[in-house]
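Student: give me the fold of what follows.
(chains A and B)
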Amino acid sequence: MENNKVITAKDLTKKFGDFVAVDHISFEVEKGEIFGFLGANGAGKTTAMRMLCGLSLPTSGVATVAGFDIYKQTEMIKKRIGYMSQKFSLYEDLTVFENIRFYGGIYGLQDEQIRQKTASLMKQLHLEGEEKTMVRSLPLGWKQKLAFSIAIVHDPAIVFLDEPTGGVDPVARREFWSMIYDASERGITIFVTTHYMDEAEYCDRVSIMVDGRIDALDSPGNLMKNYGVNSMDEVFLQLARKAVRTAE
Amino acid sequence: MKTITVEQLVKNYQNDKVVTNALKGISFSVDQGEIFGVIGPDGAGKTSLFRILTTLLEADSGTATVDGFDVVKDVKKIRNCVGYMPGRFSLYPDLTVQENLEFFASIFNTSIKENYDLIKEIYQQIEPFKNRRAGQLSGGMKQKLALSCALIHKPTVLFLDEPTTGVDAVSRKEFWEMLHRLKIQGITILVSTAYMDEATLCDRVALIQNGQLLSVNTPKGIISEYPNSLWAIRANEMYALLQAIKSDPEIESCYPFGQYHHVAFKNPDSNQKKLENIVQNGKYTDVEIKTITPNIEDCFMALMT
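Tutor: Below is the predicted model:
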């Protein structure tokens, strides 16, 4: 493996009985890259992500994440990745600090590191004095930003973001993306799914899954050029309309 | 007669001594046969409003009517004439597709046969799976079944609470096409969404944030109310460009929008020259600057701040 490749996948496939959820996908993601992983509902995104996170064994094909094999080294992978989704991120009935301590502890940070991380996170997120606030009473925009900060509290090689900005107000959504840029500048690879096509345009490269395959993979600019359109929305519609199978 | 009227609705929730002001006195009305969008982020108060209008929740103060009936005094009448599709999937997961539809039809003393015409176009898409349990359906199919169930008693007003949340761009487009076909049949539709781009598919919209309405107008009307002239700019280094523009004191706002940043000046007389000057101070290449018409999201952000 080359050192700057955080994900390598070759012919990665997952079958459930006769159903081919993920059909021979091949791609590479580089260190610090913001990689958009798009597809219609049921195209196979979640199944592919679960394999890359070490939560589901492939049927065939090979892949490495953070240099580790997704068949044999799933526990090593889990230590080196972060994960956040809109549906599951923080514990609502724990305080801000308790959430940081919980996730920091899970990822093996020492108490002193957790204290330092907490202080710097509070400052960065302008949440000073809110350490003892229950997460459920934070506004959604703050919750999402806190969830992202916690997902990368252990400085992972890569963070998987599954529709991280759903329902968030437009200003908070942009603040969230500016945090994504900061993390990527620090060398953390970002693997993100979204239904907002303007967000697809913020990615360095975008892949679009159709019926379990990756039907397009390029920079947003090149994709728009190749499809002769002016927005990723139109690229997505052209590709996703080709889908034969209905969701699931 | 207005199909929906809302006057000074207030709703507060109290939990562990923490009071949440979900609705802070909002007023608007919806005409017969309109597709009216309630557009705002999570936590804006959309679901509270929908639950009050469908008689599932009582407001602390204020009044509202649906199809001429009062939401407090005429609960049963309203329940008979409205269809409601809640944000969370609320059908019976252990009943089949057909059983769910039959159940909702029988509750309203009607049958699938009697109103089949109304749901035909939507229901036909899931009919091949009519013996499948609802819990086993995909997201898109669940959505179509829920809409069929909300329509089976031929309501005059349809309430759809975030029907397209978490739905991909293709399915969202198809869903809105279905709504426009229902509108032609004369059904009034109140629909909420957090996707700002869906505003343009409504006849009129209310922009909502923190329990208050920011604006009520046609999508075009909202865009024409935008206070500044707006510019779109792009260059090779977008992130650096954003920081540079934001730090300039004459800039009112600069937000990323896909491949461009949208820029508004504090002084409406400022022009492209000023933007060119900011860019000249950096080492940008491939610079493109143009004036643009704001979209609903531009307007929403301008109204938020």
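Student: low pLDDT regions in chain A?
Tutor: A:1-2, A:88, A:246-248 (pLDDT under 70).
Student: which stretches in it count as helices?
Tutor: Secondary structure of chain A (DSSP state H): helices at A:45-52, A:74-80, A:96-106, A:111-124, A:140-151, A:170-185, A:197-200, A:220-226, A:232-240.
Student: tell me the most buried of those helices?
Tutor: Of all the helices of chain A, helix A:197-200 carries the top mean neighbour count, a mean of 24, counting by mean count of other C-beta atoms under 10 Å in any protein chain shown. Placement of C-beta: from N, CA and C, glycine included.
Student: mind checking how far that helix is from the chain centre?
Tutor: Averaging C-alpha positions (C-alpha atoms, centre = their mean, to the nearest Å) puts helix A:197-200 14 Å from its chain's average.
Student: need the residues that contact it.
Tutor: Under the criterion C-beta atoms under 8 Å, 6 or more residues apart in numbering or on different chains, residues A:36, A:38, A:165, A:173, A:177, A:192, A:194, A:206, A:220, A:231-233, A:236, B:169, B:257-258 lie in contact with helix A:197-200.
Student: please repeat the previous calculation with a cut-off of 7 Å.
Tutor: Here helix A:197-200 makes contact (C-beta atoms under 7 Å, 6 or more residues apart in numbering or on different chains) with A:36, A:38, A:165, A:177, A:194, A:206, A:220, A:231-233, A:236, B:169, B:257-258.
Student: same deal with stretch B:155-164?
Tutor: Stretch B:155-164 is contacted by residues B:3-4, B:46-47, B:50, B:53-54, B:66-67, B:81-87, B:143, B:150, B:172, B:175, B:182, B:187-195, B:198 when judged by C-beta under 7 Å, 6+ apart.
Student: which of those fall in helices?
Tutor: The subset of the contacts of stretch B:155-164 located in helices under the criterion DSSP H comprises B:Lys46, B:Thr47, B:Phe50, B:Leu53, B:Cys81, B:Gln143, B:Ala150, B:Arg172, B:Phe175, B:Leu182.
Student: need the contact list for the second one.
Tutor: For B:Thr47, the residues meeting the contact criterion (C-beta under 7 Å, 6+ apart) are B:Gly87, B:Asp161.
Student: apply 6 Å and report the result again.
Tutor: Contact analysis of B:Thr47 by C-beta atoms under 6 Å, 6 or more residues apart in numbering or on different chains lists B:Asp161.
Student: what's the pLDDT at it?
Tutor: Looking at B:Thr47, its pLDDT reads 95.
Student: distance of it relative to A:Phe37?
Tutor: 30 Å (C-beta to C-beta, to the nearest Å).
Student: need the contact partners of stretch A:174-184.
Tutor: Applying C-beta under 6 Å, 6+ apart, the external contacts of stretch A:174-184 come out as A:Gly32, A:Ile34, A:Gln144, A:Phe148, A:Ile152, A:Thr165, A:Ile190, A:Tyr202, B:Tyr239, B:Tyr255, B:Pro256.
Student: out of the contacts of stretch B:155-164, which are buried?
Tutor: Applying 16 or more other C-beta atoms under 10 Å in any protein chain shown to those, the neighbour count classes B:3-4, B:46-47, B:50, B:53-54, B:66-67, B:81-86, B:143, B:150, B:172, B:175, B:182, B:187-195, B:198 as buried.
Student: just the contacts of stretch A:174-184 now: which is nearest B:Ser229?
Tutor: B:Ser229 lies nearest to B:Tyr255 out of those, by C-beta to C-beta, at 15.1 Å.
Student: would you say the closest one is within a strand?
Tutor: Yes: counting by DSSP: H, G, I helix; E, B strand; the rest coil, B:Tyr255 is found in a strand.
Student: I figured it hits B:Val263, correct?
Tutor: No: using C-beta atoms under 6 Å as the test, B:Tyr255 is too far from B:Val263 to be in contact (8.4 Å).
Student: which of the two has more residues huddled nearby?
Tutor: Using other C-beta atoms under 10 Å in any protein chain shown, the more surrounded residue of B:Tyr255 and B:Val263 is B:Val263, with 27 against 19.
Student: confirm that that one sits in a strand.
Tutor: Yes: B:Val263 sits within a strand when classified using three-state DSSP.
Student: that one: what's it in contact with?
Tutor: B:Val263 neighbours (C-beta under 6 Å, 6+ apart): B:Trp231, B:Ile233, B:Ile245, B:Cys254.
Student: for those, which one is nearest B:Ser106?
Tutor: The nearest one, if we look at the contacts of B:Val263 relative to B:Ser106 and count by C-beta to C-beta, is B:Cys254, at 56.8 Å.
Student: and that closest one, how many neighbours?
Tutor: B:Cys254, neighbours per other C-beta under 10 Å, totals 22.
Student: got the residues of the stretch 1-150 of chain B near chain A?
Tutor: Counting by C-beta under 6 Å from any C-beta of the partner chain, the residues of the stretch 1-150 of chain B close to chain A are B:Val18, B:Pro41, B:Asp42, B:Gly43, B:Ser138, B:Gly139, B:Gly140.
Student: I appreciate the help and will end here.
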